[in-house]
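Novice: Predicted structure and sequence below. I'll ask about it afterward.
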Amino acid sequence: MIAANLDKFRKELPKHVVLVAVSKTKPVEDLQQAFDAGQRIFGENKVQEMLAKWEVLPKDIEWHFIGHLQRNKVKYLAPFVSLIHGVESFRLLKEINKQALKSNRIIDVLLQFYIADEETKFGLTAKEADFLLCSEEFKILNNIRIRGVMGMATFTKDQEKIKGEFQKLKKIYDALEENHFSSDRNFDIISMGMSGDYKTAIDEGSTMVRIGSSIFGTRN
């Protein structure tokens, strides 16, 4: 079923939309099946689980960390992570830069914004992001590269509410691009949309969707 599900998404998703297969809680065998079917980008939200999978799975996988990342765990991911989706503080950004320097790498990150109507979600406000990006401290972080934005909509069946939240993130992205990244071609990712709302997300400008249960089945 995993290969068939991936094939369905490949046919359905527009060419400019990147598919992140969210493999959290799934066994290595499931990831290997997806890999054998051509999937190369996987998303995990627990550092130890991602590390364990990275150690045994093929090395041409792109690992995306999509969960809430604690600063003291960054060092474990720094040698191999491809993209960190959820950067919601300057302190975390500084730690990623520090560990990337130790690993002699530049690590790609997304700024996470608070767009949902839920207290359990994390994220920056547009004002906080502007302040961060204008600061002198930010300008000396040479081992991180901000690739775009990420946001999670409210967990609801109200598609109009979700649509409004995705529109909010797209506006934030557009403003950041205009004010801070107008000459940076690497600033090109809007990561929004999951199994239940990815179609709405794509309609509202998403360039990266995070799909788990619709590929691997319900979470373990």
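Specialist: Received, thanks.
Novice: Any stretches of this structure with poor pLDDT?
Specialist: 118-121, 219-220 (pLDDT under 70).
Novice: need the helices for it, in chain order.
Specialist: 2-12, 28-36, 47-56, 74-77, 90-102, 126-134, 136-139, 159-179, 198-203, 213-216 (DSSP state H).
Novice: in the fifth one, what counts as buried?
Specialist: Neighbour counts over helix 90-102 (16 or more other Cβ atoms under 10 Å) mark Phe90, Leu92, Leu93, Lys94, Glu95, Ile96, Asn97, Lys98, Gln99, Ala100, Leu101 as buried. Where C-beta positions appear, they are placed from N, C-alpha and C, glycine not excepted.
Novice: burial count for Phe80?
Specialist: 17 (other Cβ atoms under 10 Å).
Novice: correction: Val209
Specialist: Considering only other Cβ under 10 Å, Val209 is surrounded by 23 other residues.
Novice: surely it meets Thr200?
Specialist: No. With contact defined as Cβ atoms under 8 Å, Val209 does not reach Thr200; the gap is 10.6 Å.
Novice: and Ile115, how many neighbours?
Specialist: 26.
Novice: Correct me if wrong: it contacts Gln167.
Specialist: No. Using Cβ under 8 Å, Ile115 is not in contact with Gln167; the gap is 9.2 Å.
Novice: Quick check: the residue most central in space within the chain vs Ile107, distance?
Specialist: Nearest to the geometric centre of the chain sits His85, at 3.1 Å (Cα atoms, centre = their mean). Distance, His85 to Ile107, by Cβ to Cβ, to the nearest Å: 12 Å.
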